[in-house]
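# Structure for the following, please:
(one chain, ligands or ions: 1)
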Amino acid sequence: MLNIILMGPPGAGKGTQAVRIIDEFHLPHISTGDIFRENISKGTELGLKAKAIIERGDLVPDDLTIDLVKSRLSQEDCANGYLLDGFPRTIAQAEALKKMGPEIGRAVNLVVDITVPDEVLVQRIAGRRVCPKCGASYNVVSMKPAVEGICDRCGSALIQRKDDNPESFKIRLDNYYAQTAPLVDFYKAEGLYHHFDGMEGLEKVSAQIADLLKKTL
Ligand code: AMP
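From the prediction side, this is the model:
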């Protein structure tokens, strides 16, 4: 069983690796960021609550995020594994997941963390373009799609995220170090933590992650 958490700072390559993992291992991709953005574009109550917070780069309150993940993970398609991308981001969320996981039969058994130095993150985020439909990520300099502005995977028009601006990025990175980085020790203590160096390149990291997943299966 693969019940995976994918973590790492914004721009480390989570989105890119997530798409590879779900395609190869046929897991549902649960990206809290994607769920929030979908709610924002549909104008739901959750979207209205989260819009300004997300655009300025802050974290959505734990209670809203935890409820969202609990109801999504409880769905039938997560019974045989899942890839959780962007959750947990705080110790309170990790504690909540630790409690709810066994309760709903979805305990996490693997944490994959990808890290990259800050100066590289800044450059990657500045050139990042994403597919609003399937979540694939590209870069205007280092990872161009085959046809400019179009997603290779699903053919949708690519966009630049509203929070991929220098001001919001700085807040996201500060929040990452203050709130999310402590999860490394949390998951080391749980014996679930695996680190990958995002500077080793997309293909190498992808192969290393795939090896770990195959061994876990
Ligand atoms: P992401 O697509 O993972 O970079 O998430 C985009 C934004 O959604 C984040 O900067 C937060 O504002 C919000 N968000 C996503 N996941 C969480 C979470 N687990 N807790 C709080 N806020 C989140």
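# packing partners for the one helix or strand residue 50 maps to?
Taking DSSP states H and E as the criterion, residue 50 maps to helix 45-56. Contact here means 3 or more CB pairs under 8 Å, 6 or more residues apart in numbering; DSSP states H and E; on that basis helix 45-56 packs against helix 32-42, helix 62-73, helix 166-175. (Glycine included, C-beta is placed from N, CA and C.)
# Next, the angle from it to helix 62-73.
Angle, helix 45-56 to helix 62-73, by axes from the mean of the first three to the mean of the last three CA atoms, to 10 degrees: 120 degrees.
# Give me the mean pLDDT for helix 45-56.
Averaged over helix 45-56, pLDDT sits at 97.
# Now this protein against the ligand: closest residue?
With CB to the nearest ligand atom as the measure, the residue in the chain that lies nearest the ligand is residue 33; the distance is 2.0 Å.
# burial count for that residue?
20 (other CB atoms under 10 Å).
# Within range of the ligand, give me the residues from this structure.
10, 32-33, 36, 53-54, 57-60, 65, 86-89, 93, 163, 172 (CB under 6 Å from any ligand atom).
# hmm, which of the residues you listed are the buried ones?
Burial by neighbour count, 16 or more other CB atoms under 10 Å: within these this picks out 10, 32-33, 36, 54, 57-60, 65, 86-89, 93, 163, 172.
# returning to what we had before: and the angle from the helix holding residue 50 to helix 166-175?
Here the directions of helix 45-56 and helix 166-175 differ by 100 degrees (the same axes, to 10 degrees).
# follow-up on the earlier one: ok, for the residue of the chain closest to the ligand, nearest residue in space, not its chain neighbours?
In space, residue 33 comes closest to residue 86 once its chain neighbours are excluded; the distance is 4.7 Å by CB to CB, 6 or more residues apart in numbering.
# how about the one you found, what does it touch?
With contact set as CB atoms under 8 Å, 6 or more residues apart in numbering, residue 86 has these partners: 6, 14, 31, 32, 33.
# Which strand residues bridge the first one?
Same thing as residue 6. On the basis of DSSP bridges, residue 6 takes part in beta bridges with residue 85, residue 112.
# What is the neighbour count of it?
Residue crowding around residue 6 was assessed by other CB under 10 Å; the count is 25.
# distance of it from residue 113?
With distances defined as CB to CB, to the nearest Å, the gap from residue 6 to residue 113 amounts to 8 Å.
# What of residue 80?
When CB to CB is the yardstick, residue 80 and residue 113 sit 24 Å from each other.
# Which one of these two is surrounded by more residues?
With neighbours defined as other CB under 10 Å, residue 80 and residue 113 compare such that residue 113 has more, 22 against 12.
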